[in-house]
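K.L.:
A predicted structure for the sequence below; I have some questions about it.
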Amino acid sequence: LAAGGLAGLLAGAFSMARGEWGSVQSSRESFERQLAVERDELEEIPEEEEAELALIYQAKGLTEEEARTTARRIMSDRKTALETLAREELGMTADEAGNPWAAAITSFLLFALGAILPVFPWFFVGGAWAVALSAIAAGLGLFLTGAITTLFTGRGVLFSGGRMLVMGLVAAGITFGIGHEKLLAPLGDG
């Protein structure tokens, strides 16, 4: 069973990594496409881009004159102008578009780290002990994951840890229920 668990861990980790890579890569390609459009507009219609930038700064609270002066100053340097237009119009910078490889590797490692917890007991014991230790390890991992999120959310450790534990238990229960033989047996009788 330990080898099966390890195979499932790797399959899940690779699947998560591939999905994360695809998501970030698509986002990055979309950003690069929009940036190319901005670059073309900056070359072809710089006065319209300057006017757009001035309007953005007016909307942020600058007076019309301050906004025009700021936009003119920014537009005097094409690199700065493109970076500013990307940030102001697209809401993102090239750095924020993300690195698909970093995202994939991080996703792989985090999934594998979480998935090893319930598999680990099976390397040492079997049967009911392994099931019990696996459930305890998974529960502790879920609670700790929720507790760690408090560093970013400011919520209470018990609330965040408990919420993650309950969500994980519900997901595990559904998964178990779907795969349990007794629940699937009536489906085969049809």
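P.N.:
Yep, that arrived. Note that the structure is predicted; figures quoted are calculated from it, not measured.
K.L.:
just the helices in the chain please.
P.N.:
For the chain, the helices defined by DSSP state H cover 2-44, 46-59, 64-75, 78-85, 100-119, 127-153, 157-179, 181-188.
K.L.:
Could you point out which residue ranges in this structure have low pLDDT?
P.N.:
1, 181-190 (pLDDT under 70).
K.L.:
Need the nearest residue in space to the residue most central in space within it, chain neighbours excluded.
P.N.:
Nearest residue to the geometric centre of the chain (CA atoms, centre = their mean): residue 20, 7.2 Å. In space, residue 20 comes closest to residue 107 once its chain neighbours are excluded; the distance is 3.8 Å by CB to CB, 6 or more residues apart in numbering. C-beta coordinates here come from the backbone N, C-alpha and C atoms, glycine included.
K.L.:
my guess is the one you found contacts residue 14, does it?
P.N.:
No - between residue 107 and residue 14 there is no contact under CB atoms under 8 Å: 9.8 Å.
K.L.:
got a list of what the nearest residue to residue 99 once chain neighbours are set aside touches?
P.N.:
In space, and not counting its chain neighbours, residue 99 is closest to residue 24: 7.1 Å by CB to CB, 6+ apart. Residues near residue 24 by CB atoms under 8 Å, 6 or more residues apart in numbering: 97-100, 103-104.
K.L.:
Repeat the analysis, applying 6 Å as the threshold.
P.N.:
Residue 24 makes contact with 98, 100, 103, according to CB atoms under 6 Å, 6 or more residues apart in numbering.
K.L.:
need the residues you listed in JSON lines with distance to residue 46, can you?
P.N.:
Output for these, formatted as JSON lines (distance: CB to CB, whole Å):
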{"residue": "98", "distance to residue 46": "29"}
{"residue": "100", "distance to residue 46": "32"}
{"residue": "103", "distance to residue 46": "35"}
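K.L.:
just the residues you listed now: which is nearest residue 155?
P.N.:
Minimum separation from residue 155 among the contacts of residue 24 (CB to CB) is found for residue 103, which lies at 25.3 Å.
K.L.:
ok, the closest one - how many residues close by?
P.N.:
20 (other CB atoms under 10 Å).
K.L.:
Would you mind measuring from it to residue 86?
P.N.:
20 Å (CB to CB, to the nearest Å).
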